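[1] Need a 3D model of the sequence below.
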Amino acid sequence: MKHEFPSTDASNIIYNPTFDELREFSKELEQNTEYSSPNYVSEIKSRSSSKTKNNVDDEFEGDDQKHISSALERVFTEPFVCIDRKMGRHPRLSFTCRLFVPKRYARIALSWATLLEPSDGSEPDLCTLHIPDWEETRIRIFPEDGVTYVLGSDYTGEAKKSFLRMFMYYAKKGDGLGLHAGSKQVCIYGKEGKIKEVGQIFMGLSATGKTTLTCHGFGLSGDENANLVQDDVCALFPDGLVAGSEGGGLYIKTIGLSREDQPEIYDATVCNNAILENVAVGESGIVDFHDGTLTDNGRASISRFDLPNAADEIDLEAAHQIFFITRNPLMPPVAKLTEEEAAAAFMLGESIETSAGDPTKAGEPIRVVGTNPFIIGCKGEEGNLFLKLIKKADVECYIINTGQVGTVNSKSVEIEHSISILREIARENIRWERDEKIGLSIPVEVPGMNIKEFYPPSYFENYEQILGDLKSERREYLLQFEKLDKKLTKTSLSL
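    A predicted model of the protein is given here:
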């Protein structure tokens, strides 16, 4: 299909307006907050996953061509904002991105542009036409052409993911693997008493703690520090390089946001640089991050420059540790994985559904390969590639439970527990033992917490039976993936 877009000097195109101009264009849609930042309420408040198709994995509907042609006609005749931004810095994975959005909905361009860096003037590699006021919702993706059509959704996350989805697709074509993951650089004293640098990656679905753990300073000071490198999407390469995508800001979830639990993120959100979306705002612009009346998927686009521990770089020179974030109550707060177990965990992608994905099923158990709902192409091949990459790059892998251990009788894993675990793993200060009941290597002790209080078999009368049933489910799930290395269906996670 031929995708023809207007030139940037067309009479109906407003090319690269300032942030102040973008805000002014959407003034009628704005709620002003106590922080002098804008809040916008969208009609659609999460991604429209069931209405998203790409022409690699899906058959398009018969009238898709008609809708796309009509959308392209419209961008030539009505006032549209056109914004160019840069995604990625590393020569292996860097793109000029162009977003078209109707002038009235310039607030989508404002939020999106906050997340990326200014373009260097290059011609666009990737393009998204985003028209919110369409008669029905259709998101159609042409990966090889680098083009996405977002029709009938006014949710900013669709614009954001339209480009990040392409970032991951082209990473795979360049011998890497795109990850729905955050990354951080930890400078810390190791067991030999010398400062060392540890690259950590956190893989998880939205709202499971990925951003919280990625942005947390770990309570370090002096020569030690823990700095955010990338929040949402990056790419792992065979030499251990982790290429980042977004150099401008973060698109964070705001429900329950507090200074106590997430001080760095909170302070960056309660300033005039933030752009809020679907956050509860009362009289006199008072913001309530705990009010989920509108949605539990309230969002904010915040600037990296407002985060005190954001690194200057968005790329990690080397990944040393990967953490799969789960909320499975059968799992301990952390378990260390073999390479094959890690690849199986990657394929299982066990988590809970969140309001960012399907609000009607929020809280229910879910499996998403790579905890990445944006994969294009064969999922089984992704698992094989993940195994190949972690072996080549010599990366350690772990499962970290950020929810609770047990169900009715349970023990919550608080943020301070997860931080203690991550900090001491970086120090190489944890002794591991293989546990026969759980079937994985778990900590014998963790400085800063009583790890024995979180032993899963203590919270279930029939733990081994329940875990056995889960392993059977896992095995059946893994067997469905064509081209997946069969040895990944025979690890301790599924046998």
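[2] Quick check on Leu110: phi, psi?
    Here is the backbone geometry of Leu110 (degrees, to the nearest 10): phi -60, psi -50.
[3] which intervals of the stretch 51-200 of the chain have sub-threshold pLDDT?
    Along the stretch 51-200 of the chain, no part satisfies pLDDT under 70.
[4] Strands along that one, start to end?
    With DSSP state E, counting those that start in this stretch as the criterion, the stretch 51-200 of the chain has strands at 52-54, 80-87, 95-102, 117-118, 126-131, 138-142, 147-151, 177-179, 181-189, 195-203.
[5] So what touches the shortest one?
    When you say that, I think you mean strand 117-118. Strand 117-118 is contacted from outside by 85-86, 89, 247-248, using C-beta atoms under 8 Å, 6 or more residues apart in numbering. C-beta coordinates here come from the backbone N, C-alpha and C atoms, glycine included.
[6] what do you get for the second one?
    By C-beta under 8 Å, 6+ apart, the surrounding residues in contact with strand 80-87 are 6, 8, 12-17, 22, 25, 94-103, 106, 109, 112-113, 116-121, 124, 126, 163-164, 167, 245-248.
[7] if we go to 7 Å?
    Strand 80-87 has contacts (C-beta atoms under 7 Å, 6 or more residues apart in numbering) with 8, 12-17, 22, 25, 94-103, 106, 109, 113, 116-120, 124, 163, 167, 245-246.
[8] now the last one
    By C-beta under 7 Å, 6+ apart, the list of residues contacting strand 195-203 from outside reads 179-190, 210, 213-214, 223, 242, 316, 318-325, 370-371, 422, 426.
[9] and if we set it to 6 Å?
    181-184, 186-187, 189-190, 210, 213-214, 223, 316, 318-324, 371, 426 (C-beta atoms under 6 Å, 6 or more residues apart in numbering).
[10] go on, the third one?
    Contact partners of strand 95-102, identified using C-beta under 6 Å, 6+ apart, comprise 75, 80-85, 87, 108-109, 119, 122, 124-130, 159, 163.
[11] For my notes, please list the strands of the stretch 51-200 of the chain in a markdown table and give mean neighbour count and distance to Asp261 for each entry.
    What follows is those, written out as a markdown table (neighbours: other C-beta atoms under 10 Å; distance: least, C-beta to C-beta, whole Å):
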| stretch | mean neighbour count | distance to Asp261 |
| --- | --- | --- |
| strand 52-54 | 19 | 32 |
| strand 80-87 | 24 | 30 |
| strand 95-102 | 23 | 33 |
| strand 117-118 | 15 | 29 |
| strand 126-131 | 24 | 33 |
| strand 138-142 | 23 | 33 |
| strand 147-151 | 24 | 33 |
| strand 177-179 | 27 | 25 |
| strand 181-189 | 23 | 17 |
| strand 195-203 | 21 | 16 |
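[12] now the ones you listed as a markdown table including distance to Phe289?
    Formatted as a markdown table, these follow (distance: least, C-beta to C-beta, whole Å):
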| stretch | distance to Phe289 |
| --- | --- |
| strand 52-54 | 28 |
| strand 80-87 | 27 |
| strand 95-102 | 27 |
| strand 117-118 | 27 |
| strand 126-131 | 27 |
| strand 138-142 | 28 |
| strand 147-151 | 27 |
| strand 177-179 | 28 |
| strand 181-189 | 20 |
| strand 195-203 | 22 |
